[in-house]
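Novice: Need coordinates for the below:
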Amino acid sequence: MTSHVEGRELLSDRIRNVLTDAIASGALAAGVTIDEQQIAERFGASRTPVREALRQLALNGLVEVRPRRGVVVTPVTPERIMEMFEATAEIEALCVRMATHRIRPLELSALMDLHRRAAPAARDGDYDAYDGLNRAFHETLYRSTLNGFLAEQALAIRTRLSAFRRTQLRHEARIHRSHDEHGEILAAIAEGDGDAAAGRMRAHMLNAAGALRLYILQHG
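Specialist: The predicted model follows:
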């Protein structure tokens with residue numbers, strides 16, 4: 001029973017990731033209606049994992065359910081995406097500056113472990129594995145601020161951008177550079193240099209935005 005549920009969840013994740021890349025690159029344009037049955041046939045799946053994938057996309061603001069039209073791709077312009085990345089770069093810079101001076105040994109150890117575990121995923125181009133570890137890395141930083149409100153806001157905007165943050169990893173060697181940038185941020189945290197950590201985090205996020213823009217241009 002458990003393995004069946006886990007398998008269904010893995011399939012819904014795979015469907016969500018494929019649709020995410022298609023939406024982020026523009027292959028699935030704004031206003032397009034997503035056909036559940038067509039997606040189910042493409043993946044050899046029932047409609048249950050398809051609906052779960054679409055539910056997750058709706059939570060991230062990539063699709064919306066419209067009366068008599070079904071599930072429709074939400075209009076999001078490249079300019080809007082860049083504005084969101086610019087805003088989140090400042091929020092994440094604030095988080096890492098605060099975390100540098102408040103982080104506890106256990107959390108710092110967790111960050112180092114996540115960075116170590118992400119290395120083979122980056123090396124092998126395993127986008128899904130790296131995306132999960134990348135998300136855990138940033139969320140650990142949010143918690144390390146010891147400011148619950150700031151952590152909530154950072155997580156909320158991250159959720160809105162999660163699809164695009166994942167897709168930008170597919171541009172050329174971005175996944176490798178992302179891992180290297182995490183290492184540079186960690187080094188600044190370990191040295192207790194909050195300003196350097198913030199600057200490196202801001203650059204990290206803006207580099208991600210640039211990679212996404214190029215990915216959209218190449219695949220749109």
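Novice: Next up, identify which helix or strand the residue nearest the centre of the chain is on.
Specialist: Of all residues in the chain, the one closest to the mean position by C-alpha atoms, centre = their mean is S162, 3.2 Å from it. Here S162, judged by DSSP states H and E, is contained in helix 148-167.
Novice: what sits against L59?
Specialist: The contact partners of L59, by C-beta atoms under 8 Å, 6 or more residues apart in numbering, come to T159. To be clear about C-beta, it is placed using only N, CA and C from the backbone, and glycine gets the same treatment.
Novice: Could you measure from it over to A208?
Specialist: Distance, L59 to A208, by C-beta to C-beta, to the nearest Å: 21 Å.
Novice: related to what we said a few turns ago, so what does the helix holding S162 touch, helix or strand wise?
Specialist: Judged by 3 or more C-beta pairs under 8 Å, 6 or more residues apart in numbering; DSSP states H and E, the packing partners of helix 148-167 are helix 2-25, helix 78-102, helix 127-144, helix 194-219.
Novice: relative orientation of it and helix 194-219 in degrees?
Specialist: Per axes from the mean of the first three to the mean of the last three C-alpha atoms, to 10 degrees, the angle that helix 148-167 makes with helix 194-219 is 30 degrees.
Novice: What lies in contact with helix 148-167?
Specialist: In contact with helix 148-167 (C-beta under 8 Å, 6+ apart) are residues 17, 20-21, 23-25, 57, 59-62, 81, 84-85, 87-88, 91-92, 94-95, 98, 127, 131, 134-135, 138-139, 142-143, 145, 208, 212, 215.
Novice: For that helix, buried residues please.
Specialist: Going by neighbour count (16 or more other C-beta atoms under 10 Å), the buried part of helix 148-167 is 150-151, 154-155, 158, 160-167.
Novice: now the residues you listed in TSV, with distance to D180 and pLDDT?
Specialist: TSV is the format used below for these (distance: C-beta to C-beta, whole Å; pLDDT from 0 to 100):
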residue	distance to D180	pLDDT
L150	26	96
A151	25	96
A154	22	94
L155	25	91
R158	21	87
R160	26	79
L161	21	81
S162	22	78
A163	23	74
F164	21	79
R165	17	80
R166	18	78
T167	19	80
